[in-house]
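**Q** attaching a predicted model along with its sequence, questions to come.
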Amino acid sequence: MKLKDQGSLLLLAGCLILPLLVGFIGSIFTLSSIPSWYVTLNKPWFTPPNWLFGPAWTILYLLMGFSLWLVIRNGISGSGVRLAVTVFSAQLIVNLIWSLVFFGLRSMIGGLISVIVLLLLIIATILAFHRVSKKAAYLLVPYFCWTCFATALNLMIILLN
């Protein structure tokens, strides 16, 4: 294996680990609140079973990481790449903040505000990634769709409680 190939594999590993790490940190707030608080909430009919969230988010975090790798694998020197990585980083931080606010602080309204900000940042990330790699942008579409669903779920929980 060439040195460049090894570097690319290390970069890919780092890009995959980063969102998974954010998801793991977020799960610390989530897992402790599910049996004590979340189960007591009235939820809409379209709420998926709790076991589905972990696998769904894991897949989405892996798609995010692979998408990030597609954007930065040829270098970060271009302004389009730097902007894309900056916006990606911002949405990843807000993704973590949502878990902290909704589950950690048990704030449904704060969660709704942060998930709306997250949606806007995901759109900005998709647009920024599209300028660098169309494939990278398309890989974020499931994340956007799932976050739209999470937003509707968050809103309905507020309305039902």
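**A** Okay, I see it. Residues are numbered from 1 along each chain as shown.
**Q** Pro19 against Met64, yeah?
**A** Yes: with contact defined as CB atoms under 8 Å, Pro19 reaches Met64; the gap is 4.3 Å. Backbone N, C-alpha and C define where each C-beta goes, glycine included.
**Q** show the contacting residues for Pro35.
**A** For Pro35, no contacting residues are found, by CB atoms under 8 Å, 6 or more residues apart in numbering.
**Q** that one: what secondary structure?
**A** coil (DSSP: H, G, I helix; E, B strand; the rest coil).
**Q** quick one: it from Asn50, how far?
**A** Going from Pro35 to Asn50 by CB to CB, to the nearest Å gives 9 Å.
**Q** the protein: helices as residue ranges?
**A** 3-33, 50-72, 79-99, 108-132, 134-139, 141-160 (DSSP state H).
**Q** tell me the pLDDT at the nearest residue to Ala124 once chain neighbours are set aside?
**A** Distances taken as CB to CB, 6 or more residues apart in numbering put Val87 closest to Ala124, at 4.9 Å, once the chain neighbours are dropped. Residue-level confidence at Val87 comes out at 98, pLDDT.
**Q** what is in contact with Pro19 and Met64 at once?
**A** The contact lists of Pro19 and Met64 share Leu92, where a contact means CB under 8 Å, 6+ apart.
**Q** give the contact list for the most centrally placed residue in the chain.
**A** Compute the mean C-alpha point of the chain, and by CA atoms, centre = their mean the closest residue is Asn95, 5.2 Å away. With contact taken as CB under 8 Å, 6+ apart, Asn95 is in contact with Val22, Gly26, Leu118.
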